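In: Task: produce atomic coordinates for the following.
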Amino acid sequence: MQNSTEIVSFVLGAYGNIGHLRYLYFSIMLLWYLSICVANMVVIVVIYVDRRLHEPMYILLCNLFVNEISGSTSLYPLLLSQMFSDTHEVTLPWCFLQMCYIYTSASVEFCSLAAMAYDRYVSICYPLHYSAIMNTGRVAIIILFVWIYSFVNFIFSLSFLVTLEFCGNIIDKVFCDPHLIMKLACSVTIFNNISDLVFAFLTVVLPFSLISVSYMKILTVCLKTSTENKQKAITTCTPQIVSVSNMFVGTIFHFVDSRFDEGYIPTKVRVILSVYLLVGQPMFTPFMYGIKLPKIRQSCKRYFFDRK
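Out: Numbers count the residues shown, from 1 in each chain. Predicted structure coming up:
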């Protein structure tokens, strides 16, 4: 067993020595972060001001955009400040806070996509009962449940992590990662490993299963319907399917980077893969839905380009 010492901070080792490139990296990341906030805020405002978009699908979508801003904020401020740090240290409380913020947002993302898949399932498979099933009150309950479920889910896993004693403090990432922190522990109990697996199941596997079932049922109905209805279903479901696929790929990148020692992969590539979800998805989402959904596209055009 390793000797434990009192660890008061972790070192984010993936930054390395970036030298004068820190100014270039800082400018790029700051511009990207601001672009994420602006792109998502624009669609949120459009949905809010256009009463024709006050439908369950767009309210759930608005919740997704809010989460994109929230998830990005869990990474970028610390990332930007670390670029001008020589030690890249993060205190334990801040590290645990960032983990809670990042992984709650990831859970909210998957659960929101699951809720949106269910919404499309009801709309396409039970169109006559859609208004009764997906009323405003029920949508509000779904959104509240998504956030509470995601928060409680990670707090359960975090409760096992905060009790550990650590024999090291270097995390080979640009943000705090629970699995890598667990590797630094002097000893890991079976409960820690189980909590890690339970969190992965509740965050990724369960929502992804619900999404898959919803879209399989939608596909079954679409194969029996008219060409016009089939085209309408494809138009509304395509952005969600692409978004889920992008999330799933990003999750695989994160899983492989955290749990396997891929020494043959260049460090910069590993860093990019590890932050793919937090960098790519928040920018990808507003443009995907803004371009693919006709109502949002038309509203954006009317409010920002057709005004005289």
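In: Please make it C-alpha for all contacts and neighbour counts, starting now.
Out: Fine.
In: residues near residue 170, how many?
Out: 17 (other CA atoms under 10 Å).
In: Next, the contact list for the residue most central in space within the chain, please.
Out: Nearest to the mean C-alpha position of the chain, by CA atoms, centre = their mean, lies residue 106 at 3.5 Å. Residues counted as contacts of residue 106 (CA atoms under 8 Å, 6 or more residues apart in numbering) are 71, 203.
In: On the three-state scheme, it is what?
Out: Secondary structure, DSSP: H, G, I helix; E, B strand; the rest coil: residue 106 is helix.
In: ok, it to residue 177 distance?
Out: 13 Å (CA to CA, to the nearest Å).
In: Ok, residue 112 next?
Out: With CA to CA as the criterion, residue 112 and residue 177 are 22 Å apart.
In: Moving C-terminal from the worst-scoring helix or strand of the chain on mean pLDDT, which element do we reach first?
Out: Ranking every helix and strand in the chain by mean pLDDT, DSSP states H and E puts helix 267-274 at the bottom, with a mean of 71. Per DSSP states H and E, the first helix or strand lying C-terminal to helix 267-274 is helix 276-292.
In: Residue 69 touches residue 35, doesn't it?
Out: No - with contact defined as CA atoms under 8 Å, residue 69 does not count as touching residue 35 (10.3 Å).
In: The two - which one has more neighbours?
Out: The residue with more neighbours, out of residue 69 and residue 35, is residue 69; 22 against 14, by other CA under 10 Å.
In: Apart from its neighbours in sequence, what residue is nearest that one?
Out: residue 37 (5.7 Å; CA to CA, 6 or more residues apart in numbering).
In: do the same with residue 247
Out: residue 277 is the one closest to residue 247 (CA to CA, 6+ apart), at 6.7 Å.
In: pLDDT below threshold where in the stretch 201-308 of the chain?
Out: Within the stretch 201-308 of the chain, the segments meeting pLDDT under 70 span 228-230, 232, 257-268, 306-308.
In: Tell me where the stretch 51-200 of the chain has helices.
Out: 56-73, 76-82, 92-125, 130-133, 136-161, 178-183, 190-200 (DSSP state H, counting those that start in this stretch).
In: so what secondary structure elements neighbour the least confident helix or strand of the chain?
Out: helix 227-259 (3 or more CA pairs under 8 Å, 6 or more residues apart in numbering; DSSP states H and E).
In: Report the separation between residue 181 and residue 89.
Out: Noted for residue 181: a distance of 14 Å to residue 89, by CA to CA.
In: residues touching the spatially closest residue to residue 147 that is not a sequence neighbour, list them.
Out: The shortest distance from residue 147 to any non-neighbouring residue, by CA to CA, 6+ apart, is to residue 108 (6.0 Å). Going by CA under 8 Å, 6+ apart, residue 108 touches 67, 146-147, 150.
In: While we're on the residue lying closest to residue 67 once chain neighbours are set aside, how confident is the model there?
Out: Nearest in space to residue 67, with sequence neighbours left out and distances taken as CA to CA, 6+ apart, is residue 105 at 6.3 Å. As predicted, residue 105 sits at a pLDDT of 90.
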